[in-house]
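Novice: okay, sequence plus prediction incoming.
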There are 2 protein chains.
Amino acid sequence: MCELLGMNCNVPTDICFSFKGFTERGGHTGTHEDGWGIAFYENKGCRIFLDTLAASISPVAALLQNFPIKSLNVIAHLRKANIGGITLENNQPFSRELWGMNWIFAHNGDLPEFKPTLQGRFLPVGDTDSELIFCFILEELWRRFPEGHPQPESLYPVLKELSINLHSYGIFNFLFSNGESLFAHCSTKLHYIIRKSPFKTAHLKDKDLSVDFSKVTTPNDRVAVIATQPLTDNEKWTAFATNELLLFHEGEIISC
Amino acid sequence: MCELLGMNCNVPTDICFSFKGFTERGGHTGTHEDGWGIAFYENKGCRIFLDTLAASISPVAALLQNFPIKSLNVIAHLRKANIGGITLENNQPFSRELWGMNWIFAHNGDLPEFKPTLQGRFLPVGDTDSELIFCFILEELWRRFPEGHPQPESLYPVLKELSINLHSYGIFNFLFSNGESLFAHCSTKLHYIIRKSPFKTAHLKDKDLSVDFSKVTTPNDRVAVIATQPLTDNEKWTAFATNELLLFHEGEIISC
């Protein structure tokens, strides 16, 4: 199994603190050591850092822990390979362009029996079930919205239907974004927290490190963090229900 | 105008030496300081590092100068913005998936009068003429090869025809790859060198740095480096002719 980390905010925010705890799970406090990746949206652009090294020993991950990239939407992934070899093309998050937007996807779980026939609009580069599912979802969106990019509220019921269908094939926790909002679906395990004023001090679970968010925020900031397992040990995280799909926009849940 | 750097080899090779000279041109020895990017193929996977900072001061570029990623095909770009703002989505190289492969493109020049009507299979995320051209080329390939991925030799005449057509609209130097081979087209300025046994010492033009390639290679290695301007001052680089399209495969020119 893999680990997921997502962030959705109302002001561009860096994810350094959460990422420092998260990367520990990639070979140190956790066994998800078969590569990692992180995607940062900046305006319509998106930069993705990928590595087949364990996150806890990766020089690129070490740089990013202290390189504050400010973003409204971030998706990160630690890989524990089960389907597909340990090669770069199997690393997540995956990305594709649809309707002139970058779409990013990361998956935790496996659906070995899901074998859709794709039409070719989106095809996997690697050989994971996760990339196949991502291509299937994008093909469905492309087919169902021929007029182009729908509003997130119109996407929600389609993703909900697809998630329920895919959940019947296996384990399907995922994060999905186009840079404007972030969808998070729980099949077996996913948690979230929304940090807003009054901000407090948070302490990581996987590393002895604290941050006083009141010193690095303004009263209007709102930051949602989503993770497979809570990243801090002194805050209240909320567990997703089974088959729950949440749509985060500007640090709030707007569809559920 | 921008600067291009490409590498095509017969054994996975790092580009650290060339990249050290190249990044100097991004704000130090050159004025191409409106961002940079580099794409490394590793098997079928591809990782792209992008930054809106000048390459000469970018922490990510500094890391990559000393982080030897071994690759058969690399494409890098320094941006001097003329069409499109200085935002991440306008940074090159651009990437898209077609036929289950990652395709990478970087362009030096401008074609302000080229306004194709795209069908939507590939759409620009940003607002540069370069990304529009990339989407146009991929759409043409997708339309002309409905059976799927052709051999590089079949791609060559199509890219040659498209290059001649696009060259009539303005300046169109480009590098283009699917990770198996690398196409390089010269409209106004492009140079290449093929390093092979017996390897010698090379000295950068933009930085007082030398490397003795005989100490870091085997006799069978063959490495083609393509750059807007020669990167070394003690080697013989070959200038492309106007409108010349070269196809590099395993460090050799196989179509011209």
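Specialist: Okay, I see it. Only a predicted model underlies this, so the values are computations on that prediction, with no experimental measurement involved. Numbering: from 1, shown residues only, chains lettered A, B, ... in the order given.
Novice: how many neighbouring residues does whichever residue of the stretch 51-200 of chain A sits closest to chain B have?
Specialist: Closest to chain B within the stretch 51-200 of chain A is residue A:88: 2.9 Å, counting by CB to the nearest CB. Bear in mind the C-beta positions are built from the backbone N, C-alpha and C, glycine included. The local packing of residue A:88 (other CB atoms under 10 Å in any protein chain shown) involves 22 other residues.
Novice: pretty sure it contacts residue B:48?
Specialist: No. With contact defined as CB atoms under 8 Å, residue A:88 does not reach residue B:48; the gap is 11.2 Å.
Novice: ok, residue A:40 - contacts?
Specialist: Residues near residue A:40 by CB atoms under 8 Å, 6 or more residues apart in numbering or on different chains: A:15, A:46, A:47, A:48, A:69, A:71, A:74.
Novice: these: which ones sit near chain B?
Specialist: Restricting the contacts of residue A:40 to those near chain B by CB under 8 Å from any CB of the partner chain leaves A:46, A:47, A:48.
Novice: poorly predicted segments of chain A, please.
Specialist: In the predicted model of chain A, residues A:256 satisfy pLDDT under 70.
Novice: residue numbers of the stretch 51-200 of chain A in contact with chain B?
Specialist: Close to chain B, as judged by CB under 8 Å from any CB, the stretch 51-200 of chain A has residues A:51-52, A:59-60, A:63, A:67, A:87-91, A:96-97, A:99-102, A:120-126.
Novice: partner strands of the longest strand that chain A contains, with direction?
Specialist: Taking DSSP state E as the criterion, chain A has its longest strand at strand A:3-13. Applying DSSP bridges, strand A:3-13 is found paired with strand A:71-78 (antiparallel), strand A:222-227 (antiparallel).
Novice: give me whichever of these is most buried.
Specialist: strand A:71-78 (a mean of 28; mean count of other CB atoms under 10 Å in any protein chain shown).
Novice: just the angle between the following helix or strand past it and strand A:71-78, please?
Specialist: Sequence order places strand A:94-98 as the next helix or strand after strand A:71-78, per DSSP states H and E. Between the axes of strand A:94-98 and strand A:71-78, defined by axes from the mean of the first three to the mean of the last three CA atoms, to 10 degrees, the angle is 140 degrees.
Novice: other SSEs contacting strand A:94-98?
Specialist: Contacts defined by 3 or more CB pairs under 8 Å, 6 or more residues apart in numbering or on different chains; DSSP states H and E place strand A:94-98 against strand A:101-108, helix A:129-144.
Novice: of all the ones you listed, which lies closest to residue B:25?
Specialist: Of all these, strand A:101-108 sits nearest to residue B:25, with 27.9 Å by CB to CB.
Novice: how far away from the center of its chain is that closest one?
Specialist: Strand A:101-108 sits 7 Å away from the centroid of its parent chain (CA atoms, centre = their mean, to the nearest Å).
Novice: please name the strands paired to it in the sheet, noting orientation.
Specialist: Per DSSP bridges, strand A:101-108 is paired in its sheet with strand A:94-98 (antiparallel), strand A:173-177 (antiparallel).
Novice: re the thing from before, just the CA atoms of the longest strand of chain A, as CSV, please.
Specialist: What follows is strand A:3-13, C-alpha atoms only, in CSV (Å, rounded to 0.1, in the frame of the first residue of the first chain):
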residue,chain,number,x,y,z
GLU,A,3,0.6,6.8,1.4
LEU,A,4,-1.2,9.9,0.2
LEU,A,5,-0.8,13.6,1.1
GLY,A,6,-2.9,16.5,-0.2
MET,A,7,-3.3,20.2,0.5
ASN,A,8,-5.9,22.6,-0.5
CYS,A,9,-5.9,26.3,0.6
ASN,A,10,-7.4,29.7,0.1
VAL,A,11,-4.0,31.4,-0.1
PRO,A,12,-0.8,30.0,-1.6
THR,A,13,0.9,28.0,1.2
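Novice: what angle do whichever strand or helix holds residue A:164 and strand A:101-108 make?
Specialist: Assigned by DSSP H and E, residue A:164 belongs to helix A:152-167. Compare the direction of helix A:152-167 with that of strand A:101-108 by the same axes, to 10 degrees and you get 30 degrees.
Novice: helices or strands up against helix A:152-167?
Specialist: Against helix A:152-167 (3+ CB pairs under 8 Å, 6+ apart) you get helix A:129-144, strand A:182-186, strand A:244-249, strand A:252-255.
Novice: I figured residue A:249 hits residue A:180, correct?
Specialist: Yes. Counting by CB under 8 Å, residue A:249 does reach residue A:180; the two are 7.3 Å apart.
Novice: which neighbours do the two have in common?
Specialist: Common neighbours of residue A:249 and residue A:180 (CB under 8 Å, 6+ apart) are residue A:152.
Novice: could you list the buried residues of the helix or strand residue A:18 falls within?
Specialist: Following DSSP H and E, one finds residue A:18 within helix A:16-24. Applying a neighbour-count criterion of 16 or more other CB atoms under 10 Å in any protein chain shown, the buried positions in helix A:16-24 are A:17, A:18, A:19, A:20, A:21, A:22, A:23, A:24.
Novice: and the next element down the chain from it?
Specialist: Following helix A:16-24 in sequence, per DSSP H and E, is strand A:36-42.
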